[in-house]
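Asks: Fold the following and give me the result.
(one chain, ligands or ions: 1)
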Amino acid sequence: MSNLPTPKPPIDPAIAVYWSAAAEGRLVLPTCTDCGLVHWYPRPFCPDCSSRNIVWTDSDGDGEIYSFTITRRGQGVYRDSSPYVLAYVELDEGPRVLSNIVDADLETLAIGQRVSATFDIVPDEDAALLRFHPT
Ligand SMILES: [Zn+2]
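Replies: I've put the predicted structure just below:
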C-alpha cells in the first residue's frame, strides 16, 4: 500500500474481471482475439477493430516510465498527498497506462526507468488501484 488516497473507482460490471484481479494483486490486460491488440484502458471491446472478442491476459506488470510529472499541489482527495508522481507507464506488452509512481525517490526518477505494478486496495470494494513502483 502506498500513502496515496484510494478513492472508489467507477466499477463497470462489463470489466468486473479486471477489478477482481486487481483486488487479488494481479494485472490482467484486455486482449483482442481477432486482431491481437493488447489495449488499455480496460473495456469489453477492441478500440482498434471494435471486436467484442476480448480475453483477459495476465501481465507481470513490468514496464518503463514513458513520461511523468511531479504534482506539488494536489486537488480534491489528493490535496494532502503532495508531492506525488503522475506518470504514463509503457507496459512491456505495449499499452501506456496513466497512473502514479509510488515509493520513489523524486530526485532521481527518470523517463525510461523500469517500474512494476503494485495495487492499493480500495476499502469495502472488490477493487484495487493500479500504481507502479521503481524496480
Ligand atoms: Zn481487435
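
Asks: tell me which residues in the worst-scoring helix or strand of the chain on mean pLDDT are buried?
Replies: Lowest by mean pLDDT, DSSP states H and E among the helices and strands of the chain is helix 16-23, with a mean of 95. Within helix 16-23, the residues that qualify as buried by neighbour count (16 or more other CB atoms under 10 Å) are Val17, Tyr18, Trp19, Ser20, Ala21, Ala22. Every residue, glycine included, has its C-beta placed from N, CA and C.

Asks: near the ion, from those?
Replies: The subset of the buried residues of helix 16-23 within reach of the ion, by CB under 5 Å from the ion, is empty.

Asks: And the furthest pair within those residues?
Replies: Checked with CB to CB, the buried residues of helix 16-23 reach their widest spread between Val17 and Ala22, with 9.7 Å between them.

Asks: what does this structure have sitting close to the ion?
Replies: Within the chain, the residues that sit near the ion (CB under 5 Å from the ion) are Cys32, Asp34, Cys35, Leu37, Cys46, Asp48, Cys49, Ser51.

Asks: Quick check: pLDDT value at the second one.
Replies: Reading off the confidence values, Asp34 has pLDDT 98.

Asks: Next: the fourth one.
Replies: Leu37 carries a pLDDT score of 97 in this model.

Asks: Can you get me a residue count around it?
Replies: Residues near Leu37, counting by other CB atoms under 10 Å, number 17.

Asks: Going forward, count from 275.
Replies: Sure, I'll start counting at 275 from here, so that last one is Leu311.

Asks: circling back: from the residues of the chain next to the ion, which single one is nearest Asn277?
Replies: Of all the residues of the chain next to the ion, the one sitting nearest Asn277 is Leu311; the distance, using CB to CB, is 35.0 Å.

Asks: Output the longest strand belonging to the chain in CSV with nothing but the alpha carbons.
Replies: Taking DSSP state E as the criterion, the chain has its longest strand at strand 336-345. Listed next in CSV are the C-alpha coordinates belonging to strand 336-345 (Å, rounded to 0.1, in the frame of the first residue of the first chain):
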residue,chain,number,x,y,z
ASP,A,336,6.5,-4.6,-15.7
GLY,A,337,7.2,-1.6,-17.9
GLU,A,338,9.1,1.7,-18.0
ILE,A,339,8.2,5.4,-17.4
TYR,A,340,7.2,6.9,-20.7
SER,A,341,6.6,10.4,-19.1
PHE,A,342,5.9,11.8,-15.7
THR,A,343,5.3,14.9,-13.7
ILE,A,344,5.7,15.6,-10.0
THR,A,345,2.5,17.1,-8.7
